[in-house]
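# After the sequence you'll find the predicted model.
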Amino acid sequence: MADRELTFEIFRYNPAKPEIKPQMQTYKLKETTGMTIFVALNMIREEQDPSLMFDFVCRAAICGSCAMIINGRPKLACKTLTRSLPKKIKLFPLPVFKLIGDLSVDTGTWFRNLSLKTESWVHTSKTFDPTKQEERMDNKTALEIYEAERCIECGCCIAGCATANIRDEFLGAAGINRVARFMVDPRDERTPEQYFEVVGCEEGAFGCMGLMACDDNCPMELPLQMQLAFVRRKMASIGLGVKQESKVKMGVG
Ligand code: SF4
Ligand code: SF4
Ligand code: FES
């Protein structure tokens, strides 16, 4: 693999300059040891084209800002080694999210809306008392919460999701994972019916086609398949209960 010359074909479009049509631009680069897509993009920007737009912050698969479509799959640029790819590398921005320019998209607004829609905070009637000792939580529950919180909001699961690509309001696996995180939290006092309001619909658990592209594409290897099944099961049982209740109220069934 040493001394390969890589050919990058990169999507270029700046929404601020609509007069220039979207196009693919080609760059050539000598591969170096341990090169990641992130390193390659920086070299291209420094040595060949300062106008190339892409995002990064941490360079360590922590911030989630460098996700893009790499040879057809959503991945983190800072975690993807060029040696794991053929010599020709095609890069596109993530779909679903608002394009800022070239490979840069706005995932922040999307995830902020997700937090608001799913009300991503602990709903409790207790008033916080800083003088009191913290309440204990059993290890199993704490680990379940920790597991769901490993999401870095990169957007890979959303970009690879067929439903999210056709339905703007779909919460996606990241959203359903978020809801699962609060469902298992004993401090959250929301009732099953209140959760049903958020995810018991086509924009939530019932819009999911279950083909698991999210699970395949998550760079943090979150157990999304398990979380989706958990929330779907809960919603189905609440949904059946709600149906039965309304039948009783209506005097049918
Ligand atoms: S399993 Fe559901 S959430 Fe995951 S990619 Fe498929 S439709 Fe999207
Ligand atoms: S669930 Fe995984 S793929 Fe989806 S946003 Fe979080 S870290 Fe990224
Ligand atoms: S730069 Fe932070 S995840 Fe890649």
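Structure received. Numbering: from 1, shown residues only. Ligands and ions are numbered 1, 2, ... in the order given.
# going forward, measure contacts between C-alpha atoms and count neighbours the same way
Will do.
# close enough to count as contact, Ser104 and Phe92?
No - Ser104 is beyond contact range of Phe92, at 9.3 Å (criterion: C-alpha atoms under 8 Å).
# Helices of the chain, start to end?
Taking DSSP state H as the test, the helices found in the chain are 37-47, 107-117, 139-149, 156-159, 162-166, 172-183, 192-199, 213-217, 224-250.
# Include mean neighbour count and distance to ligand 1 when you put those helices into CSV, please.
Shown next, in CSV, are the helices of the chain (neighbours: other C-alpha atoms under 10 Å; distance: least, C-alpha to the nearest ligand atom, whole Å):
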stretch, mean neighbour count, distance to ligand 1
helix 37-47, 18, 24
helix 107-117, 15, 14
helix 139-149, 14, 15
helix 156-159, 26, 6
helix 162-166, 17, 5
helix 172-183, 24, 4
helix 192-199, 17, 12
helix 213-217, 22, 4
helix 224-250, 15, 7
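# residue contacts, the closest residue to ligand 3 within the stretch 101-250 of the chain?
Using C-alpha to the nearest ligand atom, the closest approach of the stretch 101-250 of the chain to ligand 3 is made by Cys154 at 7.2 Å. Contact partners of Cys154, counting by C-alpha atoms under 8 Å, 6 or more residues apart in numbering, are Cys63, Gly64, Ser65, Cys66, Ala67, Leu76, Thr107.
# of all those, which comes closest to ligand 2?
Distances from ligand 2 to the contacts of Cys154, taken by C-alpha to the nearest ligand atom, are shortest for Gly64, at 6.8 Å.
# Double-check the closest one against Ala77; I have them as touching.
No - Gly64 is beyond contact range of Ala77, at 9.6 Å (criterion: C-alpha under 8 Å).
# quick one: stretch 228-247 to chain centroid distance?
Distance, stretch centre to chain centre, for stretch 228-247: 26 Å (C-alpha atoms, centre = their mean, to the nearest Å).
# For it, the averaged confidence score.
Across stretch 228-247, the average pLDDT comes to 77.
# can I get the CA coordinates of that stretch in CSV?
What follows is stretch 228-247, C-alpha atoms only, in CSV (Å, rounded to 0.1, in the frame of the first residue of the first chain):
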residue,chain,number,x,y,z
LEU,A,228,-35.0,0.6,18.6
ALA,A,229,-36.4,-2.8,19.6
PHE,A,230,-36.7,-1.6,23.3
VAL,A,231,-38.6,1.6,22.4
ARG,A,232,-40.8,-0.1,19.7
ARG,A,233,-41.8,-2.8,22.2
LYS,A,234,-42.7,-0.2,24.8
MET,A,235,-44.6,1.9,22.4
ALA,A,236,-46.5,-1.1,20.9
SER,A,237,-47.7,-2.2,24.4
ILE,A,238,-48.7,1.4,25.4
GLY,A,239,-50.4,1.8,22.0
LEU,A,240,-52.4,-1.4,22.5
GLY,A,241,-53.4,-0.1,26.0
VAL,A,242,-54.4,3.3,24.7
LYS,A,243,-56.5,1.5,22.0
GLN,A,244,-58.2,-0.8,24.5
GLU,A,245,-58.9,2.2,26.8
SER,A,246,-60.5,4.3,24.1
LYS,A,247,-62.6,1.2,23.0
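# hmm, who's touching it?
Contacts for stretch 228-247 (C-alpha under 8 Å, 6+ apart): 173, 176-177, 179-180, 192-193, 196, 199-200, 205-206, 253.
# got the buried residues for stretch 66-75?
Judged by neighbour count (16 or more other C-alpha atoms under 10 Å), stretch 66-75 contains these buried residues: Cys66, Ala67, Met68, Ile69, Ile70, Arg73, Pro74, Lys75.
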